[in-house]
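J.: Based on what follows, work out the 3D shape:
(chains A, B and C)
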Amino acid sequence: MFEMLATVLQNLFSTPATRKYPTERRDSLPTFRGRIESVIERCIFCLKCQVSCPANCLVVNRKEQTWSVDQYRCIVCGVCVEVCPTEAIVMSRHYHGPARHRQPIVTHQEGAIPKFNPKAKDIN
Amino acid sequence: MLTNVREISKDDLLESVQELARTNHRLISITATEVAEGFDLIYHFAQGMTLTNLRFTIEYDQEVPSITPFYFCAFVPENELKDFHGIKITNLPINYRQLFILSELTPIKTPLAPKVAAAAGTEVLPE
Amino acid sequence: MTRRTVIPFGPQHVVFPEPIQFRLVLEEERVVDAVPALGYMHRGIEQLATVKDFTKSLYLAERICGICSVMHTLAYAQAIEELMGVEVPPRAKYLRTIWAELGRLQSHLLWMGLAVDALGYESLFMQTWRAREHVLEMIEFTEGSRIMTGSITIGGTKRDLHAESLEFLLKKLAQLEKALNEIYPVFSDDPLIKQRTVGVGLLSKAEAIKLGAVGPTARGSGIVEDMRLLGYAAYRELDFQPVVEASCDTYGRMLVRVKECFQSIELIRQAIASLPPGEVLVKVKGRPEGEVIMRIEQPRGELLYYLKASGGKSLDRWRIRTPTLSNLPPLVHMIKGARLADVPMITLSIDTCIACVER
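T.: As a prediction, the model looks like this:
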């Protein structure tokens, strides 16, 4: 019984091994691949990212000057970030989180992102 | 590139496999590729670190004898060949009848051999 | 005449990480026959490869399996590089080796936790997975993501390791080794684990060769075979011997995996100590042509890739033969004659990864 006492006291007075999620969160590491974001001022609409995406999640429209990504189809591989000639796509380290409806995020040249429409139907 | 490939004919298959079984080779797998006139079959064996490959071609409707008398574990790749390519294999002791990996509800049979599927009248996958 | 009953083992069971079904034919308490029924995880990857570009199929290769995903990417990249005649810089080879060994560590630690959980040791399961968290943090810091990492590409690697990352790796390896040394005596000496695993699931050496066993399943029966001795990536310059046990039962296979964890830590330290300087990526242009066979050592055994291309945008044929597919006939042989209560432990001992089997 006294052999166990050492282990019991050590476990009682040492710091816990787990974190109290969701009140305490760990910040993601700086090299983490979370999601891709567009810096639309630098985009020249050459469509290289759309052609090289393995998951077919980017839609770029040269006439209307929009760039859109379906975040729930994106596999965060980073090929579009490498291929873009003007560095108009950046990899952010924050994960985009869950959502109820699947809508692509469309970015216009003016920089405004359209507001989320709760009545929009689920796109599949 | 492929090393150590032996081209044999379909009738020599059982004798060559018996020779390899006697010298304690291990069966790795069987690969089939669709070519213009039929299928190109490669049997991969290994002893220690070296590979030995047996290769031959068959036509679409020809039958291939099973090598399970010498290697019982061959029933796994041979059932896969029947599922994916529709190759006819005779003398299989454990015969899943094309339900090894695909199921009855799949509308597409022989997904890796579109010409066989078209000949059998089942749905063919779009390009 | 004893009656025979048929019991379905699977597709959902506590010991399986992925679904597979075995129909067990029982006579009283002993299993007389076992018939595997696959098909729960088929996704048609070999067919997709004939339609997609060969550069995009790299990301498809990563997603064949979640536990052994680094090795599939490595094998695919090496096969395409051999088809196109590309020489990878030496620093990239060492980085690929480090990441492959980290992948092997996390796979073995996952298996060890599941194995003792199947026997009832739940807090040992938690402690093993806590040690696995050190490995996942190392992978996340150096590659960007915990599981599907995307850092190996055709022509080298996408990321480099700087001095700060190497220091982090060495610090974490020391913590990991300390945690492993605390739990190792339980795996090797605990009387209850020994009673459930010694003498259970026997596979003799001759049968293992005849039935085509690979990986720790074969090395637990005394066969000295490890594909890392072929010398791909940087293994030619590292110094190691395959871990072999001669007891031919579940206990031997378990010890092979536990000792391979320590061997992986040594290999990573050796690779970090002799990392050559230089660039990590070469530009690759053109299209592949020809045929190639590539074999590497996954955590579960020997992986075989056969690629055939003829100058088009996509491959003509991509044949994947994963180790668990080869280990299924020995498993069916081992289950026959065992008692019903031993069947989950025997099935776990070959480390089934069904996502790999039914790509």
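J.: only C-alpha atoms for contact and neighbour calcs from this point on.
T.: Fine.
J.: Show me the longest helix that occurs in chain A.
T.: Longest helix of chain A, by residue count under DSSP state H: helix A:2-13.
J.: Now do that one, average pLDDT.
T.: For helix A:2-13, the mean pLDDT works out to 83.
J.: Number of residues surrounding residue 54?
T.: Since no chain was named, I'll use chain A. Residue A:54: 22 surrounding residues under other CA atoms under 10 Å in any protein chain shown.
J.: oops, I was thinking of chain C
T.: Residue C:54 has 20 neighbours, counted by other CA under 10 Å.
J.: same thing with residue B:113?
T.: Residue B:113 is flanked by 21 other residues according to other CA under 10 Å.
J.: Check whether it really touches residue B:35, as I assumed.
T.: No - counting by CA atoms under 8 Å, residue B:113 stays clear of residue B:35, with 9.6 Å between them.
J.: After the longest helix of chain A, heading C-terminal, what element do we hit next?
T.: Next helix or strand after helix A:2-13 toward the C-terminus (DSSP states H and E): strand A:35-38.
J.: what's near enough to touch the most centrally placed residue in chain C?
T.: For chain C, the residue sitting closest to the mean C-alpha position, by CA atoms, centre = their mean, is residue C:299 at 2.4 Å. By CA atoms under 8 Å, 6 or more residues apart in numbering or on different chains, the contact list for residue C:299 reads C:68, C:104, C:107-108, C:215.
J.: how about the spatially most central residue of chain A, what does it touch?
T.: Centrality entry for chain A: nearest residue to the mean C-alpha point is residue A:35, 2.2 Å, by CA atoms, centre = their mean. Each residue near residue A:35 by CA under 8 Å, 6+ apart is listed here: A:71, A:76, A:91-96.
J.: Do you have the helices of chain B handy? List them.
T.: Listed in chain order, the helices of chain B (DSSP H) span B:13-22, B:75-85, B:114-120.
J.: among the ones you listed, which is the most enclosed?
T.: Mean neighbour count (mean count of other CA atoms under 10 Å in any protein chain shown) peaks for helix B:75-85 among the helices of chain B, with a mean of 21.
J.: Let's see that one as PDB, backbone CA atoms only.
T.: C-alpha atoms of helix B:75-85 as PDB (Å, rounded to 0.1, in the frame of the first residue of the first chain):
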ATOM      1  CA  PHE B  75      -7.900 -15.900 -53.400                       C
ATOM      2  CA  VAL B  76      -7.800 -12.300 -52.300                       C
ATOM      3  CA  PRO B  77      -6.200 -10.700 -55.400                       C
ATOM      4  CA  GLU B  78      -8.100 -13.100 -57.700                       C
ATOM      5  CA  ASN B  79     -11.500 -12.100 -56.300                       C
ATOM      6  CA  GLU B  80     -10.400  -8.400 -56.700                       C
ATOM      7  CA  LEU B  81      -9.600  -9.100 -60.400                       C
ATOM      8  CA  LYS B  82     -13.100 -10.500 -60.900                       C
ATOM      9  CA  ASP B  83     -14.600  -7.500 -59.200                       C
ATOM     10  CA  PHE B  84     -12.800  -4.700 -60.900                       C
ATOM     11  CA  HIS B  85     -12.000  -6.100 -64.300                       C
END
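J.: Which secondary structure state does whichever residue of the stretch 51-200 of chain C sits closest to chain B sit in?
T.: Sorted by distance to chain B under CA to the nearest CA, the residues of the stretch 51-200 of chain C start with residue C:51, at 6.8 Å. Recorded secondary structure, residue C:51: coil (DSSP: H, G, I helix; E, B strand; the rest coil).
J.: Need the three-state assignment for the residue nearest to it when sequence neighbours are not counted.
T.: Of all residues not flanking residue C:51 in the chain, residue C:314 sits nearest, at 6.1 Å (CA to CA, 6 or more residues apart in numbering or on different chains). Put simply, residue C:314 is coil when judged by three-state DSSP.
J.: Near residue C:314, how many other residues are there?
T.: When neighbours are defined as other CA under 10 Å, residue C:314 has 21 of them.
J.: Please tell me how far it sits from residue C:58.
T.: From residue C:314 over to residue C:58 the distance is 12 Å, taken as CA to CA, to the nearest Å.
J.: Can you list the helices and strands that the helix or strand encompassing residue C:182 packs against?
T.: Secondary structure assigned from DSSP H and E places residue C:182 in helix C:163-189. Helices and strands touching helix C:163-189, by 3 or more CA pairs under 8 Å, 6 or more residues apart in numbering or on different chains; DSSP states H and E, are helix C:122-143, helix C:250-273.
J.: Other residues contacting the first one?
T.: The contact list for helix C:122-143, computed with CA under 8 Å, 6+ apart, reads A:29, A:31-32, C:99, C:102, C:105-106, C:109-110, C:112-114, C:116-117, C:145-146, C:149-151, C:159, C:161, C:165, C:168-169, C:172-173, C:175-176, C:179-180, C:183.
J.: picking that back up, could I have the PyMOL command that selects the buried members from the contacts of residue A:35?
T.: Only the buried entries of these go into this PyMOL selection, using 16 or more other CA atoms under 10 Å in any protein chain shown:
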select buried, chain A and resi 71+76+91+92+93
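J.: Now, the contacts of residue A:35 that are in strands?
T.: Using DSSP state E, the subset of those located in strands is A:91-92.
J.: Tabulate the contacts of residue A:35 in TSV, adding columns for pLDDT and distance to chain C.
T.: What follows is the contacts of residue A:35, written out as TSV (pLDDT from 0 to 100; distance: CA to the nearest CA, whole Å):
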residue	pLDDT	distance to chain C
A:71	84	17
A:76	86	9
A:91	87	11
A:92	86	11
A:93	83	9
A:94	83	12
A:95	81	11
A:96	76	15
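J.: Make TSV from the contacts of residue A:35 and add distance to residue C:132 to it.
T.: Output for the contacts of residue A:35, formatted as TSV (distance: CA to CA, whole Å):
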residue	distance to residue C:132
A:71	29
A:76	24
A:91	27
A:92	26
A:93	23
A:94	24
A:95	23
A:96	26
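J.: how far away is the residue of the stretch 151-300 of chain C found nearest chain A from residue C:160?
T.: With CA to the nearest CA, the shortest gap between the stretch 151-300 of chain C and chain A falls at residue C:151, namely 8.6 Å. Residue C:151 sits 9 Å away from residue C:160, going by CA to CA.
J.: out of these two, which sits in the busier spot?
T.: Legend: neighbour count by other CA under 10 Å for residue C:151 and residue C:160, higher for residue C:151 (21 against 15).
J.: Roughly how far does residue C:229 sit from residue B:50?
T.: As judged by CA to CA, residue C:229 and residue B:50 stand 12 Å apart.
J.: and if you look at residue C:172?
T.: In this view, residue C:172 and residue B:50 are 38 Å apart by CA to CA.
J.: Counting neighbours, go ahead and name the busier of residue C:229 and residue B:50.
T.: Shown here are residue C:229 and residue B:50; by other CA under 10 Å, residue C:229 has more neighbours (17 against 11).
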